[in-house]
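[1] Quick one, structure for this:
(chains A and B)
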Amino acid sequence: MIRIVDLHKKFGDFVALNGINLDVKPSQVVVVVGPSGSGKSTMLRCINGLEQATRGNIYIEGIDVTHRATDINKVREKVGMVFQSFNLFPHLTALKNVTLAPIKVRKISQDEASARALDLLDKVGLKDKADAFPAHLSGGQQQRVAIARALAMDPDVMLFDEVTSALDPELVSEVLDTMKGLAFEGMTMMVVTHEMGFAKEVGTRLIFMDEGLVVEDGDPTQIFNDPQHPRTQDFFSKILSHM
Amino acid sequence: MDDMEVTPEGELMQGGMGEPVSEFEKANVSGWAKASLIMGILGLTALPFVGAVLAIVFARIAKKRILYDDELAGDGLATAGQTLGIIGVVLAVLALVGFLMQDRLKALSADFFDWSTIKYSAPKLARGFLATLEVALISEFLILIFGLLIAMLRLSKVKVFRFLATVYIDVIRGLPLILQIFIIYFGLSYLGLNFSRLTAGIVALTVCYSAYEAEIYRAGIESIHKGQMEASRSLGMTYLQSMRYVVLPQAVRRVIPPLSNEFVMLTKDTALLAFIGYAEVFQTGKEIMGKMANVTPLVGVAFFFLIVTIPMMRGVQYLEKRLAKGD
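    A predicted model of the protein is given here:
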């Protein structure tokens, strides 16, 4: 589904990604953890083209995303992304947030888009908020609308970039539950997060990154119980101590 | 009003003027606002000076509490009362001065407020003012469009577009408008381009103000969080689609106040077209002044400008408040 080959990314002199090699199979739920600055978000953003790789290739369903001639808009139709800061469109209702892209990009009719959008909002538990503006929604509700919005384009893979980090603790579980539902339906997901509970319960694969490299890669429960690499051990000892 | 009682609630609800607001004052905001308005009216009629002073005092009390809550309706009443009060005080003072300086004033009024000149010039000035509005409104329409176009070029990923837009903006903003008007009307005729006065005026004002408004649009667009563009692009929308449906609708809302201020400036700058003989209100006033050897027409010209510019500036302030609430 996604194949990352020797991915490098530099911001000026700062090396964010130092040679990532990764193969994501369909329906995998890959949870990416690591300290700040390890390159987790950068890697995600390279996958859907929000950042340009300095070196290396990324193949999504065979298409080279990093090649200049690739129509990145077409690629993005198949790759959904949910952001830490939600990024809902404040001037549009929840419903219109979800229908905008399908109407403008896939050119489907207003009615069809609205019907599908209401289904998606229902799926994330917010059908009754369809006509609300983002400003009147809580953080958790906004993030769920953002998930529905990304799903509206019927993507093959969903990228989640620390989507619960900006939420009040009580609102985190409603979002994680939504993501859990998605995972169980077989969606291919890459999730950058600090929520270790989610990683253990829903993740099918855990990747620990540090300083632009994949340090450890394997089964979440196994890595939690028996981290192999010293950096991994160090990281987990620090964060799991207050869980 | 000078009650310095600091109740527990009084401490929490600090009026914007930094003084504690007592219980009594808080409970009667709209009462104070209404009283201020009534006093303002009385100050101009039955109770000169005293009524006006009381109007200002009551308005201050009303406003102390409103500033925390931003209760616009009460604020409107209080402002109206305060304005009437200020006018009342000023008029009372002027009346006194006028009474004491009667003879001097009679001479002054002959020069600046001659009634027969006013009667003669009013209709002509009104026609001139229509010409002012014509050039201002047509130009404004074109400026709003061109300004946005140039801003988009300035923000383009294409280096050539960015370069051309930057040169245009820098050069135009670096030259006096009057020079640009002259170049377009007089200078271009040497190249065979003979514009009418109105056309030259529209072209000059549009070229000039588009450069300034392009920068305002640009600031507005750049003020929109980049996450908006990222989210929109991530859904598969193109750069232009994202601009049109996501970024610009938000940016335009933000730039309405500064663009409105630009329109006020534009209206005033139409007076420069007198230098190419366009028959707008200032030019008309100058001509009458020459004929009647009296300065009164200029006062009339000022009057015409003020009835448009002052309401517009107040309108912009009100708009800013309303838009800020929405954010």
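[2] So, low pLDDT: which residues of the chain?
    Using chain A here. Applying pLDDT under 70 to chain A flags the ranges A:240-243.
[3] ah, no, chain B please
    B:1-29, B:65-75, B:325-327.
[4] Kindly recompute the last result at 80.
    Applying pLDDT under 80 to chain B flags residues B:1-33, B:43-48, B:62-78, B:98, B:100-117, B:293-294, B:322-327.
[5] Please list all residues in contact with B:Gly128.
    The contact partners of B:Gly128, by C-beta atoms under 8 Å, 6 or more residues apart in numbering or on different chains, come to B:279-285. C-beta coordinates here come from the backbone N, C-alpha and C atoms, glycine included.
[6] quick one: which of these is nearest to chain A?
    B:Glu280 (38.6 Å; C-beta to the nearest C-beta).
[7] For the closest residue to the closest one other than its chain neighbours, grab phi and psi.
    Of all residues not flanking B:Glu280 in the chain, B:Thr132 sits nearest, at 4.2 Å (C-beta to C-beta, 6 or more residues apart in numbering or on different chains). Torsion angles at B:Thr132 (phi, psi; degrees, to the nearest 10) stand at phi -60, psi -50.
[8] Am I right that B:Thr132 is in contact with B:Thr267?
    Yes. At 7.2 Å, B:Thr132 and B:Thr267 qualify as touching, with contact defined as C-beta atoms under 8 Å.
[9] of those two, who's got more company?
    Neighbour count, other C-beta atoms under 10 Å in any protein chain shown: between B:Thr132 and B:Thr267, B:Thr132 has more, with 27 against 20.
[10] list the contacts for the more buried one?
    B:Thr132 makes contact with B:267, B:270-271, B:280-282, B:304 under the criterion C-beta under 8 Å, 6+ apart.
[11] Adding secondary structure and distance to A:Leu118, write these out as a markdown table.
    Output for those, formatted as a markdown table (DSSP: H, G, I helix; E, B strand; the rest coil; distance: C-beta to C-beta, whole Å):
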| residue | secondary structure | distance to A:Leu118 |
| --- | --- | --- |
| B:Thr267 | helix | 49 |
| B:Thr270 | helix | 53 |
| B:Ala271 | helix | 57 |
| B:Glu280 | coil | 56 |
| B:Val281 | helix | 57 |
| B:Phe282 | helix | 60 |
| B:Phe304 | helix | 56 |
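[12] Show me just the buried residues among those.
    For the contacts of B:Thr132, a burial check counting by 16 or more other C-beta atoms under 10 Å in any protein chain shown picks out B:267, B:270-271, B:280-282, B:304.
[13] So which residue is smack in the middle of the chain?
    No chain specified, so I'll use chain A. A:Phe160 (1.6 Å; C-alpha atoms, centre = their mean).
[14] That one belongs to a strand?
    Yes. Assessed by DSSP: H, G, I helix; E, B strand; the rest coil, A:Phe160 belongs to a strand.
[15] Would you quantify the distance from the nearest residue to it once chain neighbours are set aside to B:Thr132?
    Distance criterion C-beta to C-beta, 6+ apart; nearest residue to A:Phe160, sequence neighbours excluded, is A:Val191 at 4.4 Å. A:Val191 sits 63 Å away from B:Thr132, going by C-beta to C-beta, to the nearest Å.
[16] Ok, B:Leu96 next?
    For B:Leu96, the distance to B:Thr132 - C-beta to C-beta - is 37 Å.
[17] Show the subsequent helix or strand relative to the longest helix seen in chain A.
    In chain A, assigned by DSSP state H, the helix with the most residues is helix A:169-184. Counting by DSSP states H and E, the next helix or strand C-terminal to helix A:169-184 is strand A:188-192.
[18] A:Val15 belongs to a strand?
    Yes. Judged by three-state DSSP, A:Val15 forms part of a strand.
[19] near chain B, which residues of chain A show up?
    Listed as neighbours of chain B in chain A under the rule C-beta under 8 Å from any C-beta of the partner chain: A:48, A:50, A:73-74, A:76-77, A:79-81, A:83, A:85, A:87-91, A:100-101, A:104-105, A:146, A:149-150, A:152-153.
[20] Just the buried residues of these.
    Buried subset of the residues of chain A next to chain B (neighbour count, 16+ other C-beta under 10 Å): A:48, A:50, A:73, A:76-77, A:79-81, A:83, A:85, A:87-91, A:100-101, A:104-105, A:146, A:149-150, A:152-153.
[21] Mind checking which of the residues you listed are in helices?
    A:73, A:76-77, A:100-101, A:104-105, A:146, A:149-150.
[22] The stretch 101-250 of chain B against chain A: which residues are in contact?
    So far as C-beta under 8 Å from any C-beta goes, the stretch 101-250 of chain B lies against chain A at B:225, B:227-228, B:230-238, B:241, B:245-246, B:249-250.
[23] mind redoing it with 10 Å?
    Contact residues, the stretch 101-250 of chain B versus chain A (C-beta under 10 Å from any C-beta of the partner chain): B:224-239, B:241-242, B:244-247, B:249-250.
[24] Let's see the ChimeraX selection covering just the buried ones among these.
    Selecting only the buried entries of those in ChimeraX, with 16+ other C-beta under 10 Å as the criterion:
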select /B:224,228,229,230,231,232,233,234,235,236,237,241,242,245,246,247,250
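[25] Which residues does the longest helix of chain A contact?
    By C-beta atoms under 10 Å, 6 or more residues apart in numbering or on different chains, the surrounding residues in contact with helix A:169-184 are A:27-29, A:80, A:82, A:123-126, A:138-144, A:146-148, A:151, A:158, A:160, A:163-165, A:167, A:187-189, A:191, A:193, A:195, A:197-198, A:201-204.
[26] likewise stretch B:97-106?
    In contact with stretch B:97-106 (C-beta under 10 Å, 6+ apart) are residues B:91, B:94, B:108, B:113.
[27] Most widely separated two among those?
    B:Leu91 and B:Leu108 (17.2 Å; C-beta to C-beta).
[28] Which one's more surrounded, the two?
    Per other C-beta under 10 Å, whichever of B:Leu91 and B:Leu108 has more neighbours is B:Leu91, with 16 against 11.
[29] So B:Leu240 sits against B:Lys157, correct?
    No. B:Leu240 is beyond contact range of B:Lys157, at 11.5 Å (criterion: C-beta atoms under 10 Å).
[30] so what's residue 156 up against?
    No chain was given, so I picked chain A. So A:Asp156 contacts A:1-2, A:26, A:60-61, A:77-80, A:187-188 (C-beta under 10 Å, 6+ apart).
[31] Hmm, no, I was thinking of chain B.
    Applying C-beta under 10 Å, 6+ apart to B:Ser156 gives the contacts B:162-165, B:239.
[32] run the last query once more with 7 Å
    By C-beta atoms under 7 Å, 6 or more residues apart in numbering or on different chains, the contact set of B:Ser156 is B:Arg162.
[33] Share the number of residues neighbouring A:Val15, please.
    Neighbours of A:Val15 using other C-beta under 10 Å come to 16.
[34] Could you check how far it is from A:Val32?
    For A:Val15 relative to A:Val32 (C-beta to C-beta), the value is 18 Å.
[35] what does B:Gly201 give?
    B:Gly201 is 62 Å from A:Val32, by C-beta to C-beta.
[36] How about A:Glu112?
    On the measure of C-beta to C-beta, A:Glu112 and A:Val32 end up 35 Å apart.
[37] neighbour count winner among those two?
    A side-by-side neighbour count of A:Glu112 and A:Val32, using other C-beta under 10 Å, places A:Val32 first with 28 against 13.
[38] Direction included, what does the helix or strand where the more buried one lies pair up with?
    In the assignment (DSSP H and E), A:Val32 maps to strand A:29-33. Paired strands of strand A:29-33, with direction, are strand A:188-192 (parallel), strand A:205-210 (parallel) (DSSP bridges).
[39] Turn those into a markdown table, including mean neighbour count.
    Below are these laid out as a markdown table (neighbours: other C-beta atoms under 10 Å in any protein chain shown):
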| stretch | mean neighbour count |
| --- | --- |
| strand A:188-192 | 24 |
| strand A:205-210 | 23 |
